[in-house]
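**Student:** structure, please.
(chains A and B)
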Amino acid sequence: MNIFVCLKQVPDTETKIIPSADGTFIETSSIKWIMNPYDEYAVEQALLVQAANAGSTVTVVRVGSSKDTEALRTAMAMGADDAFLVETADNLDSYSIAKALKGAIVKSGKSPDLILTGKQAIDDDCLQVPQILATMMELPSVTVVVGYEGSANEIIVKREVEGGALEVYGVNLPAMIACNKGINTPRYASLPGIMKAKKKPLTIFSLADVGVSDADRRVKYSNFQLPPEKPPGKKFDATDAAKMASVVKDVVGLLRTEAKVL
Amino acid sequence: MDFNLTPEQIEIRELAMKFAKNEMMPKAHEYDEKASMPLEILEKAWSLGLVNTCIPVEFGGNGFSAIDSMIITEALAYGCMGMNTAIMANDLALLPIVIGGNEEQKLRFLTPFTEKYKIAAFCLTEPGNGSDAGGLKTLIKEDGDDVVISGNKMWITNAGYADLFVLYGTTDSALKHKGITAIVIEKGTPGIEIGKKEDKMGHRCSDTRAITFNNVRVSKKNILGGLNQGWKIAMKTLDHSRPMVAASAVGGAQCAYDHAVKYAKERIQFNVPISNHQAIQFMIADMAVKIEASRLLVHKSAWLLDNHMPNTQLASYAKAFAADSCMQITTDAVQIYGGYGYSKEYPVEKIMRDAKLIQLYEGTSQIQRLVIAKEIFSRN
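**Tutor:** Here you go, the predicted model:
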């Protein structure tokens, strides 16, 4: 099977986020990057499917800067066979990214039997790329998947829905599956794996190589800013029974005029 | 000149830190309390390649540089200095084989450690000989194709679980350094008597015991580098192992520092976080300086090794400075935590107890100064 994993590199969850000087993105120079945690489930699932289907390959694909390639290297250290990077320093929108991913998959020369992704990236939380990619590739897709079993032709996946209920789907491959926490326990990249990953091929494409241009941008980011600081709460002294009436009147007044909840 | 880690070294550090934080830290307190060997964690560390970093690639190792192994050691000690001691003791015991063993011995003794998680113990110290290692008394007597070993060893890390013992003895204690001989003894050889587990202040999960060797018969094929050639091997081993111990001090200190910084931002006194108080700021600043200086000494002493340059003096700088700094830093971390720092409910008291051992093993802080002074005066 030709298994593809599309993954994203995101800021470490402990990173302090600040908008960039021009306001069109966040300041990236001092960020520590990690593989998007949901994508770790996708990589692990790809490796499990590979192990169950002899002769399969796992290819990881990412769109982003070539300066930091941790996520792709980590995936290869975990066991993926090769990697493709579509290089761009820009903060692209979901449509452009999906189109670039499709371009890279097509350009890899391998016809995908299975595409795995995380259910969402934890930085912008758009939750769009997997579905757009599946549509572009004309593949069936199931998202928020917490259970996976099956063969090289047909799989049964469990999808988590609100209230903790599970939907169960039978899916014919090829298909696109977006993984959620619970589907597996991602392995560590072992040290021998890290050493081996150095020798695995990482191919870099430009946006032009994969047929993505500025005209593909459906969304352009114009202004990133931090949420305004919350003003401190107001305290009212309600210890003096004699003044209680006027305190209540103040509170109700402010709830009406300032908080506008009444 | 370049102070940057390579991309692979960054990945190695990330993996080792992830393992330290996810697997070691959550269990460190529990194993410290019950003083038992965390075999499951150690085996998992081995399966990821974090153990036996000294084994060369020809014998199944991962081909790590000395700097790589310092990065791994620092991260593992961040997770738990005691567990790291159990891991590091394997390297300490296997290094004499890497340094002084012949091809046949390396294949026979090192390669099995790359195929399965196995434990090794380094047996140098005796009840009556610690710092004065040249004066050790365990006798190695020739007897045909064999030698017969008799004597007592003390403070042996991993003793109760070891598959392999690397022992230093003497063919004649009157010869002092010139009679020292290194030999490998396999588990189960008749005459090895393992003592009871020591109840220690820190590194409580690591298994430390006395061992008595009662006329233990071993083939001469297990002697490393030949009879009476042990001292050189021991000294070269220390050139590798002292930077490693120093790296573990950096890991422990970094962990205590990270806790202290976080706590200083949370703890409110006089209506502000205590991190706003200069008294706390100065302690934190001193910690940060000492950690960075220690790490640079560790990396330089390892870099010299990787470039085949003499590093004895730098290794002792690193060991002395990192160990003493770690003690100071962990003590100050407890100070910043105040009363909470003294409680076992909070993490820093354990790290302070663990720190003390780093000033003692692999040559006390005083012995390091002796080594340094000797290097200085023998050259000038």
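**Student:** how is chain B divided into domains?
**Tutor:** Following automatic domain parsing, chain B resolves into domains at B:7-115, B:120-227, B:231-379.
**Student:** for the stretch 201-350 of chain B, what lies in contact range of chain A?
**Tutor:** Taking CB under 8 Å from any CB of the partner chain, no part of the stretch 201-350 of chain B reaches chain A. Every residue, glycine included, has its C-beta placed from N, CA and C.
**Student:** and the longest helix seen in chain A, does that touch chain B?
**Tutor:** If you go by DSSP state H, chain A has its longest helix at helix A:37-52. No. Helix A:37-52 does not reach chain B (CB under 8 Å from any CB); its nearest approach is 11.1 Å.
**Student:** which SSE is immediately downstream of that helix?
**Tutor:** Remark: after helix A:37-52, the chain's next helix or strand is strand A:57-64, criterion DSSP states H and E.
**Student:** what lies in contact with that next one?
**Tutor:** A:1-9, A:43, A:46-47, A:50, A:71-72, A:75-76, A:79-88, A:92, A:97, A:100-101, A:104-105, A:108, A:110 (CB atoms under 8 Å, 6 or more residues apart in numbering or on different chains).
**Student:** export the longest helix of chain A to CSV, keeping only CA atoms.
**Tutor:** Provided in CSV are the C-alpha atoms of helix A:37-52 (Å, rounded to 0.1, in the frame of the first residue of the first chain):
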residue,chain,number,x,y,z
PRO,A,37,0.0,16.3,18.2
TYR,A,38,-3.0,15.0,16.2
ASP,A,39,-0.6,14.3,13.3
GLU,A,40,1.4,12.0,15.6
TYR,A,41,-1.7,9.7,15.7
ALA,A,42,-1.8,9.8,11.9
VAL,A,43,1.9,8.8,11.6
GLU,A,44,1.5,6.0,14.2
GLN,A,45,-1.6,4.8,12.3
ALA,A,46,0.3,4.8,9.0
LEU,A,47,3.1,2.7,10.6
LEU,A,48,0.6,0.3,12.1
VAL,A,49,-1.1,-0.1,8.7
GLN,A,50,2.3,-0.5,7.0
ALA,A,51,3.3,-3.2,9.5
ALA,A,52,0.0,-5.1,8.8
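**Student:** point me to the residue of the stretch 101-250 of chain A nearest chain B.
**Tutor:** Here the residue of the stretch 101-250 of chain A nearest chain B is A:Leu191; by CB to the nearest CB that distance is 3.0 Å.
**Student:** ok, the nearest residue to that residue once chain neighbours are set aside to A:Val210 distance?
**Tutor:** Of all residues not flanking A:Leu191 in the chain, B:Gly49 sits nearest, at 3.0 Å (CB to CB, 6 or more residues apart in numbering or on different chains). According to CB to CB, to the nearest Å, B:Gly49 and A:Val210 sit 36 Å apart.
**Student:** of the two, who's got more company?
**Tutor:** B:Gly49 (24 against 19; other CB atoms under 10 Å in any protein chain shown).
**Student:** hmm, A:Lys196 and the more buried one touching each other?
**Tutor:** No. Contact criterion CB atoms under 8 Å: B:Gly49 and A:Lys196 do not qualify, at 10.7 Å.
**Student:** follow-up on the earlier one: surely the residue of the stretch 101-250 of chain A closest to chain B meets B:Arg13?
**Tutor:** No. Because the distance of 10.9 Å does not satisfy CB under 8 Å, A:Leu191 is recorded as not touching B:Arg13.
**Student:** out of the two, which sits in the more crowded spot?
**Tutor:** Neighbour count, other CB under 10 Å: between A:Leu191 and B:Arg13, A:Leu191 has more, with 23 against 16.
**Student:** where's that one relative to A:Asn2, distance?
**Tutor:** A:Leu191 is 28 Å from A:Asn2, where distance means CB to CB.
**Student:** residue in chain B with the shortest distance to chain A?
**Tutor:** Using CB to the nearest CB, the single residue of chain B nearest to chain A is B:Gly49, 3.0 Å away.
**Student:** now do the contacts for that residue.
**Tutor:** A:Ser190, A:Leu191, A:Pro192, A:Gly193, B:Asn62.
**Student:** the first one contacts B:Leu48, doesn't it?
**Tutor:** Yes. Using CB under 8 Å, A:Ser190 makes contact with B:Leu48 at a distance of 4.5 Å.
**Student:** tell me where chain A has strands.
**Tutor:** A:2-6, A:9-11, A:33-35, A:57-64, A:82-87, A:114-118, A:141-150, A:154-160, A:166-172, A:175-179, A:202-206 (DSSP state E).
**Student:** most packed of these?
**Tutor:** Counting by mean count of other CB atoms under 10 Å in any protein chain shown, strand A:114-118 has the highest mean neighbour count of the strands of chain A, with a mean of 28.
**Student:** what pairs with it, parallel or antiparallel?
**Tutor:** Its sheet considered, strand A:114-118 pairs with strand A:2-6 (parallel), strand A:175-179 (parallel) by DSSP bridges.
**Student:** common neighbours of A:Ser190 and B:Leu48, please.
**Tutor:** B:Leu15.
**Student:** residues in the stretch 151-262 of chain A within reach of chain B, list them.
**Tutor:** Residues of the stretch 151-262 of chain A lying near chain B (CB under 8 Å from any CB): A:Tyr188, A:Ala189, A:Ser190, A:Leu191, A:Pro192, A:Gly193, A:Ile194, A:Met195, A:Ala197, A:Lys198.
**Student:** just the buried ones from the residues you listed?
**Tutor:** A:Tyr188, A:Ala189, A:Ser190, A:Leu191, A:Pro192, A:Gly193, A:Ile194, A:Met195, A:Ala197 (16 or more other CB atoms under 10 Å in any protein chain shown).
**Student:** quick one: the third one from B:Gly79, how far?
**Tutor:** The reference is to A:Ser190. For A:Ser190, the distance to B:Gly79 - CB to CB - is 17 Å.
**Student:** same thing with the last one?
**Tutor:** Here A:Ala197 is placed at a distance of 23 Å from B:Gly79 (CB to CB).
**Student:** do the fourth one as well
**Tutor:** Taking CB to CB as the measure, A:Leu191 and B:Gly79 are separated by 15 Å.
**Student:** swap in the fifth one?
**Tutor:** The gap separating A:Pro192 from B:Gly79 is 20 Å, by CB to CB.
**Student:** which ones are touching A:Gln131?
**Tutor:** A:Gln131 touches A:Ser141, A:Thr143, A:Ala178, counting by CB under 8 Å, 6+ apart.
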